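Enquirer: quick one, structure for this:
(chains A, B, C and D)
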Number of protein chains: 2
Amino acid sequence: MATGRTHRPATRSRGIPEATVARLPLYLRALTALSERSVPTVSSEELATAAGVNSAKLRKDFSYLGSYGTRGVGYDVEYLVYQISRELGLTQDWPVVIVGIGNLGAALANYGGFASRGFRVAALIDADPAMAGKPVAGLPVRHTDELEAIITDNGVSIGVIATPAGAAQQVCDRLVEAGVTSILNFAPTVLSVPEGVDVRKVDLSIELQILAFHEQRKAGEDAAQTAATPPRVPRTTGGGRKGPDGDVPAVMPA
Amino acid sequence: MATGRTHRPATRSRGIPEATVARLPLYLRALTALSERSVPTVSSEELATAAGVNSAKLRKDFSYLGSYGTRGVGYDVEYLVYQISRELGLTQDWPVVIVGIGNLGAALANYGGFASRGFRVAALIDADPAMAGKPVAGLPVRHTDELEAIITDNGVSIGVIATPAGAAQQVCDRLVEAGVTSILNFAPTVLSVPEGVDVRKVDLSIELQILAFHEQRKAGEDAAQTAATPPRVPRTTGGGRKGPDGDVPAVMPA
DNA sequence: TCCTGTGAAAACTTTCACAGCT
DNA sequence: AGCTGTGAAAGTTTTCACAGGA
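Expert: Alright, predicted model coming up:
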């Protein structure tokens, strides 16, 4: 899932598996909570439970980072927090811009989880001139015209796209052109980007569809109309998937 | 990533791999776009490009559903749309409730991608009495007190949690108790649920952290201070990860 | 005694490459 | 001639199970 057009041949930097990288933020969150409760050490079993994984996986994950635990005891919470933060690159400051300040963009701007993890919202950008200057989450919304200047002036390398689907590729192109090399895309579109640019995608409706798939199974556990034989239904059931889709995400720039 | 506490031993229903299920919505989106342009057939190569995967993977994925293509020609767009929709359970109507109507909840309520895919927002629920009755996305917000009644009356089996982290588990418990068996969780917390309930998690800051990891690598490609030797840094670098986290997502119920 | 770190096995996923249908 | 469907190979991720340090 998600690392842009560019296939990343075998970059798996310093050998940390992608699956492990994807779990580090989970561990970090659990550790931060322990740290706040001043818990000094934690076992792989406890931490795994708090993070929602199993302990063997957690230990294997940590083994890619180094030997940071103590046998018979567990892991030093503060030390691990530091190591994981460093590994993820969160010990430095990452200025980000959010483009598309609808409901979703505003939600992101207000999201407390960013600031506390090394991300700083450098600017909020929207195409609607009526939005310009309005404060959202304490920052004045800036107009799209200023996009390039904002990127350059702030040394932004990470951009968040929360525009409608139709605008996403164009915004993406401008971000990349201006120097952004990582993009988090909330618009329901496949973005194409040049080699070297990472894209991750969050799609609100995809997750629901996956749930629906499993939910359907639960329901049809007994009197299943979805029997073994693939129905091979009417070839002309067009009935579906038309209508006013447009696929606009939760943005209301007007 | 993410299917709740319950480990799903080998449920992999009718043998469709989880990785494939996760991509079906992607294909569906690309196919819907083609359908709207009245494109009658599409090759695995074309569709793969539109969906952002490679064609071998796509063909393999489709082979789990059945033989729905025609050699030498490709896939019938309408027919495939129907088959995938049916497989995902989108040919039926799924009433969902959204709990926590802050920015994020409102963004979700306004999200067009739901309605067009068989999901119907049955109700918006918030704990703030001041919100009650206010219309959001054309629906009046209802108070948490009514949660159980709403679930029961509408036969809701899918719930979306967009509350602050602190309220999430409690809301989750009430949803499950009332009969919800699938939960999409936007709160940055690990939810614990009984066997048989599916949880999927979307975490806004985790995706950014993964991007930061890769971004860091790009930067340190040459003059890397992150050399081969694991620094084994000062044991007491506590410096990090404290502060006012709270981990509240983008919700402003007040 | 307890709990980490890790080889080795098992499970899953992706990719290759080509037989076979239209 | 073109494109699907799929075995088999390659790669990745998870899980097991236990040696070995504190």
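Enquirer: so does the helix-or-strand element of chain A with minimal mean pLDDT get close to chain B?
Expert: Sorted by mean pLDDT, DSSP states H and E, the helices and strands of chain A end with helix A:112-115, the least confident at a mean of 86. Yes - figure legend: helix A:112-115 in contact with chain B (Cβ under 8 Å from any Cβ of the partner chain); contacting residues A:112-114. (C-beta placed from N, C-alpha, C; glycine too.)
Enquirer: excluding its backbone neighbours, what's nearest A:Tyr27?
Expert: Leaving aside its sequence neighbours, A:Tyr27 sits nearest to A:Ala51 (Cβ to Cβ, 6 or more residues apart in numbering or on different chains; 5.3 Å).
Enquirer: so who does the one you found touch?
Expert: Counting by Cβ atoms under 8 Å, 6 or more residues apart in numbering or on different chains, A:Ala51 makes contact with A:23, A:26-27, A:29-30, A:58, B:190.
Enquirer: mark which of the residues you listed are part of helices, please.
Expert: A:23, A:26-27, A:29-30, A:58 (DSSP state H).
Enquirer: relative to A:Ala30, how far out is the closest residue to A:Ser43 other than its chain neighbours?
Expert: The shortest distance from A:Ser43 to any residue that is not its chain neighbour, by Cβ to Cβ, 6+ apart, is 4.0 Å, and that residue is A:Gly74. Distance, A:Gly74 to A:Ala30, by Cβ to Cβ, to the nearest Å: 13 Å.
Enquirer: what about those two, which has more around it?
Expert: Comparing A:Gly74 with A:Ala30 by other Cβ atoms under 10 Å in any protein chain shown, the one with more neighbours is A:Ala30, at 23 against 17.
Enquirer: buried set for stretch A:191-205?
Expert: Taking 16 or more other Cβ atoms under 10 Å in any protein chain shown as the basis for neighbour counts, the residues of stretch A:191-205 that come out buried are A:191, A:193, A:197-205.
Enquirer: and stretch A:38-45 with DNA strand C, contact?
Expert: Yes - contact of stretch A:38-45 with DNA strand C (Cβ under 7 Å from any atom of the strand) involves A:43-45.
Enquirer: what does the stretch 51-200 of chain A have sitting close to DNA strand C?
Expert: A:55-56, A:59-60, A:62-63, A:67-75.
Enquirer: just the buried subset of those, please.
Expert: Among these, those that count as buried by neighbour count (16+ other Cβ under 10 Å) are A:62, A:68-69, A:74-75.
Enquirer: which one among the residues you listed gets closest to B:Asn185?
Expert: Among these, A:Phe62 lies closest to B:Asn185 (Cβ to Cβ), at 25.1 Å.
Enquirer: ok, the closest one - contacts?
Expert: Residues A:44, A:68-69, A:75, A:80 are the ones in contact with A:Phe62 under the rule Cβ under 8 Å, 6+ apart.
Enquirer: picking that back up, make CSV out of the contacts of A:Ala51 and add pLDDT.
Expert: CSV is the format used below for the contacts of A:Ala51 (pLDDT from 0 to 100):
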residue, pLDDT
A:Arg23, 98
A:Leu26, 98
A:Tyr27, 98
A:Arg29, 97
A:Ala30, 98
A:Leu58, 98
B:Val190, 97
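Enquirer: closest to B:Val176 among those?
Expert: Comparing every one of the contacts of A:Ala51 with B:Val176 (Cβ to Cβ), the shortest separation belongs to B:Val190, at 14.9 Å.
Enquirer: so the closest one makes contact with A:Ala50?
Expert: Yes - contact status for B:Val190 versus A:Ala50: in contact at 6.8 Å, counting by Cβ atoms under 8 Å.
Enquirer: joint contacts of the two?
Expert: By Cβ under 8 Å, 6+ apart, B:Val190 and A:Ala50 have these common neighbours: A:Ala30.
Enquirer: give me the more crowded residue out of the two.
Expert: Taking B:Val190 and A:Ala50 together and counting by other Cβ under 10 Å, B:Val190 has the greater number of neighbours (21 against 17).
Enquirer: next, the contact list for that one, please.
Expert: For B:Val190, counting by Cβ under 8 Å, 6+ apart, the contacting residues are A:30, A:50-52, B:201.
Enquirer: just the helices in chain A please.
Expert: Remark: helices assigned in chain A by DSSP H are A:18-36, A:44-51, A:55-65, A:77-88, A:103-110, A:112-115, A:147-154, A:165-178, A:204-219.
Enquirer: ends of stretch A:103-122, what's the gap?
Expert: Between the opening and closing residues of stretch A:103-122 there is a gap of 19 Å (Cα to Cα, to the nearest Å).
Enquirer: now do stretch A:127-134
Expert: The stretch stretch A:127-134 measures 13 Å between its terminal residues, going by Cα to Cα.
Enquirer: can that stretch be found next to chain B?
Expert: No - Stretch A:127-134 is not in contact with chain B by Cβ under 8 Å from any Cβ; minimum separation 14.4 Å.
Enquirer: quick check: buried residues in that stretch?
Expert: The neighbour-count criterion (16+ other Cβ under 10 Å) identifies A:127-128, A:131-132 as the buried residues of stretch A:127-134.
Enquirer: could I get these as CSV with pLDDT?
Expert: CSV is the format used below for the buried residues of stretch A:127-134 (pLDDT from 0 to 100):
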residue, pLDDT
A:Ala127, 98
A:Asp128, 98
A:Met131, 98
A:Ala132, 98
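Enquirer: tell me the one of those nearest DNA strand C?
Expert: The shortest gap between DNA strand C and any of those belongs to A:Ala127, at 34.9 Å (Cβ to the nearest atom of the strand).
Enquirer: OK, now which residue of the stretch 51-200 of chain A is nearest to DNA strand D?
Expert: Ranked by Cβ to the nearest atom of the strand, the top residue of the stretch 51-200 of chain A for proximity to DNA strand D is A:Gly72, at 3.1 Å.
Enquirer: just for the stretch 151-254 of chain A, where's the confidence low?
Expert: Under the criterion pLDDT under 70, the flagged ranges of the stretch 151-254 of chain A are A:221-254.
Enquirer: just to revisit the earlier point, so which of the buried ones among the residues of the stretch 51-200 of chain A next to DNA strand C sit within strands?
Expert: Secondary structure of these is defined by DSSP state E; positions in strands are A:69, A:74-75.
Enquirer: how's chain A carved up into domains?
Expert: Taking automatic domain parsing as the domain assignment, the ranges for chain A are A:13-87, A:94-204.
Enquirer: the last one and DNA strand D in contact?
Expert: No - counting by Cβ under 7 Å from any atom of the strand, DNA strand D has no neighbours in domain A:94-204; the shortest distance is 14.5 Å.
Enquirer: chain center to that domain: distance?
Expert: Distance, stretch centre to chain centre, for domain A:94-204: 13 Å (Cα atoms, centre = their mean, to the nearest Å).
Enquirer: can you check the shortest one too?
Expert: When C-alpha coordinates are averaged (Cα atoms, centre = their mean), domain A:13-87 and its chain have centres 20 Å apart.
Enquirer: correct me if wrong: A:Phe186 contacts A:Ala165.
Expert: No - between A:Phe186 and A:Ala165 there is no contact, the gap being 9.9 Å when judged by Cβ under 8 Å.
Enquirer: biggest separation within the ones in helices among the contacts of A:Ala51, which pair?
Expert: Checked with Cβ to Cβ, the ones in helices among the contacts of A:Ala51 reach their widest spread between A:Arg29 and A:Leu58, with 13.3 Å between them.
Enquirer: what residues are up against A:Ala127?
Expert: Taking Cβ under 8 Å, 6+ apart as the criterion, A:Ala127 is in contact with A:100, A:143-144, A:163, A:167, A:253.
Enquirer: quick one: list the elements packing against the longest strand seen in chain A.
Expert: Using DSSP E to assign secondary structure, the strand with the most residues in chain A is strand A:119-126. With contacts taken as 3 or more Cβ pairs under 8 Å, 6 or more residues apart in numbering or on different chains; DSSP states H and E, strand A:119-126 sits against strand A:94-99, helix A:103-110, helix A:112-115, strand A:139-143, helix A:147-154, helix B:204-219.
Enquirer: so A:Glu87 touches A:Tyr64, yeah?
Expert: No - with contacts defined as Cβ under 8 Å, A:Glu87 does not count as touching A:Tyr64, sitting 9.2 Å away.
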